[in-house]
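In: just need the structure, nothing else, for what follows:
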Amino acid sequence: MSHTPWNQPGSRNDSEEKRSSFPTTMLKASAIEEQLQSAVGRANLRDATAEDMVSGVRPQFVVEPENEQQLVAALFCADEAGAAVIPRGGGTKLDWGNPPKRAEVILSTARLNRVLEHAWADLTVTVQAGCTLQSLQNTLAQHGQRLAFDGLWPERATIGGVLSTNDSGALRLRFGGLRDLILGVTIALPDGTLASSGGKVVKNVAGYDLPKLVTGAFGTLGVITSAVFRLHPLPRSARTLSFTAENFQAMQDLVLSIQDSKLAHTALQIRWPCADILFEATDAGLNAQESQLHKLLGSTRVKEASGHVWNARQELWNSRTDNAVIAKLSILPAEIAKKVDALKGIANSRKLTWQMVAQAAGITTLRLDSDPVSISAAVRELRAEVEGSGGSLVVLRRPKILESLDAWGNAGDSAGLMRAVKYQLDSKGTLNPGRFVGGI
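Out: Numbers count the residues shown, from 1 in each chain. The predicted structure is shown next:
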């Protein structure tokens, strides 16, 4: 891991150089503004508006650095001033997690949006945190490659944001999650340094902990400025097939039989009452895979479907009703039917409606619609059911009236370790205070 002091842009390997000092006492808003302006320039600093609110909390300033050095300088200024910082990319998931305890400064990565290096022969890419997922994919496609990852709202979601929230979709089944795809990362720390870990080659394992550590940390440990990913070739052809079952237990049995087979499928999801399977290969390969699937499923009717079905998870967000709650459940694949039965019982007793999209790996996105009191009670009941068998339920979106509903649930034995890591990297609690597990 390497560290670079923000005020020494030419010496990335010398972290012992003395940094410029700032007052350590809490500064007034005018003083904070002055320090931020000295770090990034007047053109890159503005007053926050109502549109910049984070879960009902309105910041004072929005900082949009032009480069990595300005970003780490601004973060250092805020840390020294005792100002809470909320990192922001495309803002697509800014309401995920708990509301922040404080929010004085929005630190935007919008201008750090370039693909720094596409080593297409090595199947790696280095990209800045503010680059959108769709922009990155467009660049990679020019060489027949992709980041094998299907996050939500790719046209707006940024690399830093999807890493921080550890968002992932159906492709996770074949290619793994972001922790499996990331090779290296550079993050800005509140103490004024840039920390880098990992490498640009797929076989490099030195310093892999930092990339995995910040993935899913909700920006509480550092602000991601760039990342290195392993890539995969674009498929020559793709085919989506769908099938149904009499009940959810039968559907789960079919999904598990597919998982236990020799089928080379890329993705597999349940969007009740249908299930979808994705094959990627040559045309001859697709025909062979489809034939094997028909043999495996027997009399079950299988039909070709549009690739649009893989947007089912995102479509759960499309209806912006005030009282909807959307949650992510992590459960064992063999437990899906059992948890759905529990959900049905809870939904019937609380008179609420539900929709879900379950990945074959057990990661399930659930939408609940009803009045806030019923939804709050249902979430607590379902969370207890899921956690009782070693799973988890994380609330991704909830109405304002339910902002006090904890997003994370029981952190278990890991809470102490997570707090210790947080203190080592952000001792003053500058970054996203209160938003993560256990109020971190």
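
In: in the sheet, who's paired with T158?
Out: T132 (DSSP bridges).

In: now for it: which residues touch it?
Out: By C-beta atoms under 8 Å, 6 or more residues apart in numbering, the residues touching T158 are 89-90, 109-110, 113, 129-133. Using the backbone N, CA and C atoms, a C-beta is placed for each residue, glycine as well.

In: strands along the stretch 151-300 of the chain, start to end?
Out: Taking DSSP state E, counting those that start in this stretch as the test, the strands found in the stretch 151-300 of the chain are 182-188, 193-198, 223-230, 232-233, 237-244, 267-271, 274-281.

In: list the contacts of the third one.
Out: Applying C-beta under 8 Å, 6+ apart, the external contacts of strand 223-230 come out as 68, 71-72, 75, 85, 87, 107, 109, 112, 116, 123-129, 147, 159-160, 163-164, 181-188, 194, 198-200, 202, 211, 214, 431.

In: which parts of it are buried?
Out: Across strand 223-230, burial judged by 16 or more other C-beta atoms under 10 Å covers 223-230.

In: out of those residues, which one sits closest to A31?
Out: V223 (22.0 Å; C-beta to C-beta).

In: relative to T430, how far out is that closest one?
Out: Separation of V223 from T430 (C-beta to C-beta, to the nearest Å): 10 Å.

In: any stretches of this protein with poor pLDDT?
Out: 1-28, 200-208, 320-321 (pLDDT under 70).

In: could you pull out the helices for it?
Out: Using DSSP state H, the helices of the chain run over 29-40, 68-81, 133-141, 159-165, 172-175, 178-181, 209-214, 248-259, 283-297, 312-315, 336-350, 372-387, 414-425.

In: chain center to the last one: distance?
Out: Between the mean C-alpha point of helix 414-425 and the mean C-alpha point of its chain there is a distance of 20 Å (C-alpha atoms, centre = their mean, to the nearest Å).

In: what does the second one give?
Out: On the basis of C-alpha atoms, centre = their mean, helix 68-81 is displaced by 24 Å from the centre of the chain it belongs to.

In: CA atoms only: put that helix into PDB for me.
Out: What follows is helix 68-81, C-alpha atoms only, in PDB (Å, rounded to 0.1, in the frame of the first residue of the first chain):
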ATOM      1  CA  GLU A  68      -7.400  13.800  -7.400                       C
ATOM      2  CA  GLN A  69      -5.100  16.300  -5.600                       C
ATOM      3  CA  GLN A  70      -7.900  18.800  -5.200                       C
ATOM      4  CA  LEU A  71     -10.200  16.100  -3.800                       C
ATOM      5  CA  VAL A  72      -7.800  14.900  -1.200                       C
ATOM      6  CA  ALA A  73      -7.000  18.600  -0.200                       C
ATOM      7  CA  ALA A  74     -10.700  19.400   0.200                       C
ATOM      8  CA  LEU A  75     -11.200  16.200   2.300                       C
ATOM      9  CA  PHE A  76      -8.200  17.200   4.500                       C
ATOM     10  CA  CYS A  77      -9.600  20.700   5.000                       C
ATOM     11  CA  ALA A  78     -13.000  19.300   6.100                       C
ATOM     12  CA  ASP A  79     -11.400  16.800   8.400                       C
ATOM     13  CA  GLU A  80      -9.300  19.400  10.200                       C
ATOM     14  CA  ALA A  81     -12.300  21.700  10.500                       C
END
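
In: which other helices and strands contact that helix?
Out: In terms of contacts (3 or more C-beta pairs under 8 Å, 6 or more residues apart in numbering; DSSP states H and E), helix 68-81 is packed against helix 29-40, strand 85-88, strand 105-108, strand 182-188, strand 193-198, strand 223-230.

In: can you do 10 Å?
Out: strand 2-5, helix 29-40, strand 61-63, strand 85-88, strand 105-108, strand 182-188, strand 193-198, strand 223-230 (3 or more C-beta pairs under 10 Å, 6 or more residues apart in numbering; DSSP states H and E).

In: the shortest one pairs with which strands?
Out: What that stands for is strand 61-63. Strand pairing for strand 61-63, determined by DSSP bridges: strand 45-47 (antiparallel), strand 105-108 (parallel).

In: just those strands: most buried one?
Out: strand 105-108 (a mean of 24; mean count of other C-beta atoms under 10 Å).

In: ok, back up a step: drop anything exposed from the contacts of strand 223-230.
Out: When the contacts of strand 223-230 are checked for burial by 16+ other C-beta under 10 Å, the buried set is 68, 71-72, 75, 85, 87, 107, 109, 112, 123-129, 147, 159-160, 163-164, 181-188, 194, 198-200, 211, 214, 431.
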